[in-house]
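J.: Quick one: sequence plus predicted model below, questions after.
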Amino acid sequence: MPQKISVIIPCYNQASFLEQTLQSVLDQTYIHWECIIINDGSQDNTEEEVRQWLQKDTRFKYIFKRNGGLSSARNIGLANATGDYIQLLDADDLLKPEKFEYQLQDLQIHDISVSDYFSFLENDTERSVPNRYLSPFLSEQEFKREIILDWEYRKSIPCHSVLFKKILIDKHRLNFDESLLNHEDWVFWTKLFYYSESIKNNENVLALYRIHNKAMSVDFKIMKLGFLKAALILMHFFKTEKNREFQKLSKIKYKEIQKKGSKSIYKRIKDKLARIYHYASKN
C-alpha cells in the first residue's frame, strides 16, 4: 500500500489565498496524499472556496471549528490525519510540485526532512526575495542542541519546509501548545527533533513563504513574553524527560532571551523585511 502524506492547512479569514495554496498541493508529482483544511471560524468566504475544491478532488477534506487560534486548528488536523507523514502548510504559503516526491526519498532513511525555501511578497508569486533572513538548516549531527540555542538568532524553520513521520507525534503524543500566543512552532519542533533519530537537510527549494506587509508591525513586548514562556515550557519538558543537559540548554536560552530581549531580534528581521520591500519596489 502506498505511503500517504497528510497535509494540514489551518485557515482563518484567508480565503483569498486558498486557491493558490490548494493548487500547489494538487500539483504535487506524488499523488498519495490527503489535504485537511481546518476552517478556524472564518468570517469570510473560506467555506465557499473550500467547497469548490472538495468537488474537484476527493483527497481534500474539510473541518469547521469555532475560532480557537492557529495551534488549536493544527491540533485538530493532526488528530484527524490518517497518513504516514505530516506536511504542515499555512493557508497563504505554497509548495513546489516536487516537494513530496523529493522529501519522501529522505524519509526512507531519516525521520525528518527540512527543505530550503524562498520568500515572496504578498501577491507577487513570480518574484522571490533575494535571500532569507534566517536559515532553516540545522547541523545533521547537533540538530537537537541547535534548535534550542540558535532559534531566531541564526535559525528558523517555516512549517511547510518540513516533512516528517507521523509516528513521532503518535508515539510521543505531540501537539501544538495552545497556551502560547507565539513561538508555539519552536516548542513543537524542539520536541519533535528531540524524539527523532536523524534529520536530512534537503537543499532543494521546495517551499515558498509569503511575506505580508503587516509582518513589519511587530509587538516586541508580546513576542518577548511568548519567547520566554516557550523557553520555560521547554525547561519543564526536559526536566520531565530527566535530561539535565537539554534542561540546562533551555535555561541558557531563557537567560539569553532575557538579556538580549526580542527587540533586537525582531528589529533585525523588521529591517530585513523593509530592505526586501525596497528591493521589490526597485525591480
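T.: Structure's in. What do you need?
J.: hang on, isn't Ile148 packed against Lys253?
T.: Yes - using C-beta atoms under 8 Å, Ile148 is in contact with Lys253, at 5.6 Å. To be clear about C-beta, it is placed using only N, CA and C from the backbone, and glycine gets the same treatment.
J.: Neighbour count for those two, which is higher?
T.: In this view Ile148 and Lys253 are compared by other C-beta atoms under 10 Å, and Lys253 has more residues nearby, 24 against 21.
J.: Which elements pack onto the helix or strand where that one lies?
T.: Lys253 is part of helix 244-260, with elements assigned from DSSP states H and E. Applying 3 or more C-beta pairs under 8 Å, 6 or more residues apart in numbering; DSSP states H and E, one finds that helix 244-260 contacts helix 143-149, helix 220-240.
J.: how about that helix: buried residues?
T.: Phe246, Gln247, Leu249, Ser250, Lys253, Tyr254, Ile257 (16 or more other C-beta atoms under 10 Å).
J.: Is Gln105 part of a helix or strand, or is it coil?
T.: Recorded secondary structure, Gln105: helix (DSSP: H, G, I helix; E, B strand; the rest coil).
J.: Who are the contact partners of it?
T.: Not one residue lies near Gln105 by C-beta atoms under 8 Å, 6 or more residues apart in numbering.
J.: could you say what helices and strands the strand ranked longest in the chain packs with?
T.: Of all the segments assigned as strand in the chain under DSSP state E, the longest by residue count is strand 199-211. The contact analysis (3+ C-beta pairs under 8 Å, 6+ apart) places strand 199-211 against strand 94-95, helix 99-106, strand 112-121.
J.: Could I get the CA-only coordinates of the last one as PDB?
T.: Listed next in PDB are the C-alpha coordinates belonging to strand 112-121 (Å, rounded to 0.1, in the frame of the first residue of the first chain):
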ATOM      1  CA  ILE A 112      12.500  14.400   9.400                       C
ATOM      2  CA  SER A 113      13.300  16.200   6.100                       C
ATOM      3  CA  VAL A 114      13.800  20.000   6.000                       C
ATOM      4  CA  SER A 115      13.900  21.700   2.600                       C
ATOM      5  CA  ASP A 116      15.200  25.100   1.600                       C
ATOM      6  CA  TYR A 117      12.700  27.800   0.900                       C
ATOM      7  CA  PHE A 118      12.200  31.200  -0.900                       C
ATOM      8  CA  SER A 119      10.200  34.100   0.300                       C
ATOM      9  CA  PHE A 120       7.900  36.100  -1.900                       C
ATOM     10  CA  LEU A 121       6.000  39.300  -1.400                       C
END
